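J.: Provided below for reference: sequence and predicted model.
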Amino acid sequence: MRRKLLMLLSFFLMGMGLVSAQTSTVTGIVVSEEDSEPIVGASVLVEGTTLGAVTDVDGKFKIANVPSSAKNLRVSYIGLQSKSLPILFGSMMHIVLKADAELLDEVVVTAMGISKQAKTLGYAASTAKAEELTVAKSGSLMSGLQGKMAGVQITGGGVTGTSQKVLIRGISSVSSNNPLYIVDGVPINNDRIGNNTVDFGNGANDINPEDIENVTVLKGASATALYGARAANGVIMITTKKPAADKKVNITYDGSLTLTDVLRVPMTQNLFGQGWGSWSNEENGSWGPRLDGRIHWYGSPNLDPLLEKPFSYVKNNIRDFYQTGTEWNNNVSLRYGDEKVGITASYGNVKSNGITPNDGDTYQRNTFSLRGYTNIKNFHLDMSMNYVRKDMRRSRDIYMELLQGASDISFSQMKDYNDERYNPDNYFTLYAYNPYWMVDNNYSKYQDNRFYGKLEVAYDILKDLKLIGRVGGDFIDYVNRNYESKLTWTEGSYQATGNGTTNPEPGYYSKHRYNRSQIDVSVLLTGNHQFGDFSVGGTLGWNLNERSYDYVGAYNEMLDVDGWYAFNNTSAYSIAEESTEKRRLIGVLGQIELGYKDWLFLNGSVRNDWSSTLPIGNNSFFYGGVNASALLNQAIPALKGIKAIDLLKIRAAVGQTGNDANVYMTNSYYVPYKYYYTYLPIGGASGLTEYNRLPNTDLKPEITTEYEFGLNAALFGNRVNFDIAWYNRQTKNQIISATLAPETGYTSNTRNVGKLENKGVEIALNITPIRTKNWEWNIGTTFSKNWSKVKELWDGLEEYTIGVGGYSSIRGVSYVLKVGEPIGVFKLPAAATVIDESSPYYGYNIVNTNGFLQASTTEYDYLGSSQPDFVMGFTTNLKYKNFKLSATGDWHKGGLMYSETSYITHFNGNSTETVFNERDSFVYPHSVKTVNGQYVENNIPVYYYNMYAAQGNYNYNPYVRRQFVVSRSYFKLRELALTYDFPKSIAKKLSMQHLSVSLVGHNLFLITPKKQNYIDPESSNFGNDIDSEFGETMGSVSTRNYGVNVKVVF
Amino acid sequence: MKKYRNWGMLLLSATLLISTMTSCSESDYLDINYNPNYPADASCKNLVPSIEASTVAVMGLYAKLTGDMWCQYCTQGNSTNQYNDLCAYASTTATSYPPVTSLWQNSYAHALEDCKLALADAEKSGMWNYWMIAKVLQAYHFLTLTDSYGDIPFTEALNIAEYPNPKFDSSKDVVYPGILQLLDEAIGKESDAAAAEKQNALGVNDCFFGGDMSKWAAFARSLKLKMYLKSYETYSRQISELLGAGGLLEEDCAWTTWEDATNKSNPFYEFNIRQLNTTENVRACHTFLEYMLDKKDLRIMYIYELAGVAPYTTEADVAEHLEECYEGLICGPNSGKVSTTVAPIRSTSRLRQRYDDPVYLMNAAECELMIAEAYARAGNAPQAKIYYDKAILAGFSRWGLDGSAFVEGAYKFDSSNMLTCIGMQYWVCFAGANSYDGWITRNRLDIPAVQGDITVRVDETPYNRTLTEGYTLGTLVDPLGSALNAGEYPLRLLYPTASTLYNTAADEYVQQNGNSMVKPLWWE
């Protein structure tokens, strides 16, 4: 290893030493054609040498020691066409650069790692470059993409390292909507690790954004068809930074320190205080009397002196519980490259101690990456190796304890839970635990080791024909431990005798070791040739993918000795468990590309897959796509002459992709009886029961068919860029677990059903209104609107309930597919009303003997879909001399979500919606009661002391449940960054090539509709697929970050 | 040379492609979709313990809870809300308690499906002991289903290949005769089963009778008696034959081998005490407690916990002062109790629950009472009294108590009013045992009667035991905030949407016959 480094170093020195004897100085000025203003920062290189310069603030450059043998200068600047021109020794060169009107040179990486010119694509592909991704240094790749791509919805505003959900063009599958992540041509695992109470992030979180060159998102089926079975929901293609073949050694340091605090906690009402119907010392709700500011005792009556506090509102009682978190993000990378060999090595470290007090919430990620290439004759070797190590600790369930406090309670004074007044025995309420105690006694730890990378060998068979072999692997090992302290109360203590709803806890410990791995092998034969006006390209390929998952672990649900977390610390059992699964997929693929005269492009691709998860003998599926694009400005002579049009492209695509089933759906098996709290073995008897899922031997893959049309234009010297796409995606043969009537002996059957439709428009617009010597301003916006519809289910069924976190409904709210409606609508029981149309009281609510409304057992209300009306993103960059200000925001309009936070704050009287009518007594208007089976006008009052039922509890008022389904609309300021690039002269004095300092902020503020004062609509703890569209169950608060970043290139 | 090598490579890759194409669809390489975590086969030895477990799982949990609430032994505590709907006779077509969905789903998909598989396997291997248990429990589950819902899928059930939409059979004309036949088949195999037991002892695999086949036969005969009593007129001949032949069960049929570990203890204890976030939900109900206090029945001490404010703690003191140590709540859900005079939770008694509480399929007192009832209906008062008295003693000895004082005391048999005496003792003996059968039996006999639209006591003031004027002790009342009309009482379970949504025959049946909790079953 050391020898190689030495070799590398000597290359570098040799490059520096190559100075020839005969030299002169070249000077000049670079200006823009458009406004004749000098261009600052243009790069000027002497071709065939390593010599070069960057233009100064006046657009001037000076290169000394240029050998007289040198012929050409290459001048380039982002957004302008690069130019090569002969050197004029001895005179001031005047170089004019034209706007890079056609983006002709932009190359994007498409399916199977095949590079293509953007202009030839017949489908939508959005690309974001490194500098766009890391504007606000969020430490997370997908965070950096938020708001920047049309049709790509990225959600997740939680604590560092928690998972993010990516939805491309809406929900199209009931089983999986995750896009496929591809790093440098090989797929990586993006499974989310965690559950409803704790979130350890998803696979894509492991990629260090500082390693990334660009990200391209392929949205449509035609674009992704080559990737096969897992690409039906789009592909996110990540290309890492490669060394440039410029024979230079670069060492870059990029570091930031950011502070984190709470973005959103629920707003609480400030009129009523502790109690439940009336004042109570032991309650955690705010259903007590009106706050009057008088000093009042509360909590345990056993304390001497008693706890006392003013009976008045504590404004930030939840917010003040949290601390300001810190996050360090340090990255170092080294790059070197020449024609034969190139190498990049990088190390990144993120260390965060989040907003939860003490060490309640910590995250540490170390990423090591080594990438490089060598070119030996006809062989090209390309490899990348990445190692990631993460350590996390997360507190569980504390948010719920915080939400269960009266509005006049101050949590922050109870920090010392060893204090007699706040300890578990004497915590003021009998219905919750001290959240500070929870932080230290109820938590999960996570640690992983992940290795992923690839090895690729390409061989040039002929000039135009290349054979590529590529092996990718992704291996994650992780350990997850859960800890819950054993809690016993002192006999006779306040909690022990209080008959509250908190129980002594038997303690819990679990430890599981997981292993996920993926191997992906491809062999590709690609070629292309030019025949006169025609160009022909083609690819043939073979692909193998194997994924496996395995875990083993155990749990102990009854600890004997407190504080000793071990499996043998129990008088009962520790239960060991394990599971393993494996799946394989083989595919063959072919692609052909035709081009005519550089303005008409046609592309066709086909693929056939064989999947192990489909019935053997019937496991093959075939699909493909065709797309075309035409550059109208080149094709139509009349347009050619219009100077304002730099590019005008139309495109059309049609494609299909398939999606196979989950594992083990095609055969039956037996499981130990573990139902209804009765788990065998018991008393020495063990037993097996049939797993009541009818195996399906006719299972077919899910098929997505998509049509897409688009228009792309660049106008006025590339100052206006415009892209619009329209698509229509139909997904049929959804693989779902269909319910069977139990009297058949089975409860479910995995089968192909239904048809879902997503139609939509995506628009991206970029404008550069100002581009002068000192100023540059550009603004960009994206707009996406998706219309979704459930076209059909199965056997004439009208409705299908989407399970949420394993439940069919939460607090009576379910999430369903209903034929004719948008995908994913919220359904809840209606209030019981008179349904007899002939009754004079038709439509009146029916109250029970206590004057409360009741839920209907037969009628349901449908509240609308979780899908937004539209989503917009906004970006802007303003550059003045060396200062650059960047901002990104996004706006989701419409859509609904379930909020458990709303439920709990209603239940305990903290929600601002619970002070309706100032909690005075009333009789429900337009309601009837039942007397001897007859309806008569209701006159039963609901008393003020029962408002906890009438306004807070959905069991007594079904309309309360409606308030749990809240608006998902929001506007978020995602990123704000102010960067100062130090002038080259200063950097040079410090022996640096580049030095910049930025002030950065992430998720700085959030605006939601006035009534939605509960949650950040991005919070969800149901994973990163369709479940998470349902809403949240008090998983975590959302945060904002702000800090400073330094970037140095040596 | 170089050129050839290039072509060679081309050829290699082409071969690779073609060979994949032709071999993939049948290749062993892809034939891996068998769940390696679980076995693909199970024998009757594996299935029978599961059948027994699935039997106690729902009967010992949701069915027990429903029986306890609907027999008004218990009611919802007033500081919590878990069982409000259940208390108020409110049910949807998808609840777990009352066990609308849970009973239907568990019995058909778990117990009965496994019975079918176990019977086939046991028959093949000659394990008649396993066979007999599966057969009796198959009958037991069908009986529980038809006594809960009425007409049910029977002849076409559990055969998805032929009947994806099993039709509903008449409880009276098809299901009852069918179940009786299953029981007769089981009884007929007793000697084969006993022989098989000698070869291949069930041991711990039979959690009810430890492999005693004669007890299974006795249980089967008592189940027959239980069915015959549904309609004495129809089955009077069979009843006298059965009594004449003897061999009826006269002991508990119960699962007792619980462990103090998560999900291995009594299912109701597990659910309601160990795993729920509160232990305060299930409290004594005025209806039953006042009756028992009136009788000074010491079983109170084993059915309920001492109230938090009880002044006595030793067994002897408590027995002396039952009235000061136990207190109930007004019948009905917490929502029905919202008033200004709420009894503090500490002044009332919780239902006594232990991890090792047995789960009964039939209790000894009930066995004797059935025989007593059979004789009573035949007009044989002396025989009826003998078994009635045995039932009283069995009811007390369940808790290790001696009930002989009650035989001639508080519960003295009244030969002029035999069925009322027996009916009341059914009600008493199902407290703390298989109370779900208590609910079914009450509906069969209409004892205790439902008085309706009245409360037991004037109010909820703790330890003020003044009864409401006009209330007769030992009658059920409407829970406050009842979801049913005044005087109405749940007579059956609703058909679950788990069936009506997915079985077209079920949907059709419900369209034609309605789906109501207050529609009497054929024997009611």
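T.: Sure, I can see it.

J.: Contacts only, for B:Glu368.
T.: The contact partners of B:Glu368, taken as C-beta atoms under 8 Å, 6 or more residues apart in numbering or on different chains, are B:Glu250, B:Tyr387, B:Tyr388, B:Lys390, B:Ala391, B:Ala394. Using the backbone N, CA and C atoms, a C-beta is placed for each residue, glycine as well.

J.: do B:Tyr312 as well
T.: Counting by C-beta under 8 Å, 6+ apart, B:Tyr312 has contacts B:Val318, B:Glu320, B:His321, B:Glu324, B:Cys325.

J.: Check B:Asp121 too.
T.: Counting by C-beta under 8 Å, 6+ apart, B:Asp121 has contacts B:Ala42, B:Ser43, B:Cys44, B:Leu47, B:Met127, B:Tyr130.

J.: mind running it again at 7 Å?
T.: B:Ser43, B:Cys44 (C-beta atoms under 7 Å, 6 or more residues apart in numbering or on different chains).

J.: Quick one: classify it as helix, strand or coil.
T.: Following DSSP: H, G, I helix; E, B strand; the rest coil, we place B:Asp121 in the helix state.

J.: Show the pLDDT at it.
T.: pLDDT for B:Asp121: 97.

J.: List the backbone torsions phi and psi for the residue nearest the centre of chain A.
T.: A centroid search over chain A (C-alpha atoms, centre = their mean) returns A:Gln164, at 2.4 Å, as the residue closest to the centre. When quoted as degrees, to the nearest 10, the phi and psi of A:Gln164 stand at phi -130, psi 140.

J.: Same check on the one 4 residues further on?
T.: For A:Ile168, the backbone dihedrals (degrees, to the nearest 10) come out as phi -110, psi 120.

J.: That one contacts A:Ala232, doesn't it?
T.: No - counting by C-beta atoms under 7 Å, A:Ile168 stays clear of A:Ala232, with 10.0 Å between them.

J.: who's more crowded, these two?
T.: A:Ala232 (30 against 25; other C-beta atoms under 10 Å in any protein chain shown).

J.: got any ranges where the stretch 1-150 of chain B has weak pLDDT?
T.: Judged by pLDDT under 70, the stretch 1-150 of chain B has its weakly predicted residues at B:1-27.

J.: Helices along that one, start to end?
T.: For the stretch 1-150 of chain B, applying DSSP state H, counting those that start in this stretch gives helices covering B:2-23, B:44-58, B:64-70, B:84-87, B:100-105, B:113-125, B:128-149.

J.: Wondering if the fifth one reaches chain A at all.
T.: Think helix B:100-105. Yes - Helix B:100-105 is in contact with chain A by C-beta under 7 Å from any C-beta of the partner chain, via B:Ser102, B:Trp104, B:Gln105.

J.: distance of the first one from A:Asn627?
T.: B:Ser102 is 53 Å from A:Asn627, where distance means C-beta to C-beta, to the nearest Å.

J.: three-state assignment of residue 167?
T.: The chain I'm using is chain A. Quick answer, by three-state DSSP: A:Leu167 is strand.

J.: Assign a three-state SS to the spatially closest residue to it that is not a sequence neighbour, would you?
T.: Excluding its sequence neighbours, the residue lying closest to A:Leu167 (C-beta to C-beta, 6 or more residues apart in numbering or on different chains) is A:Gln153, at 4.4 Å. The three-state label given to A:Gln153 by three-state DSSP is strand.
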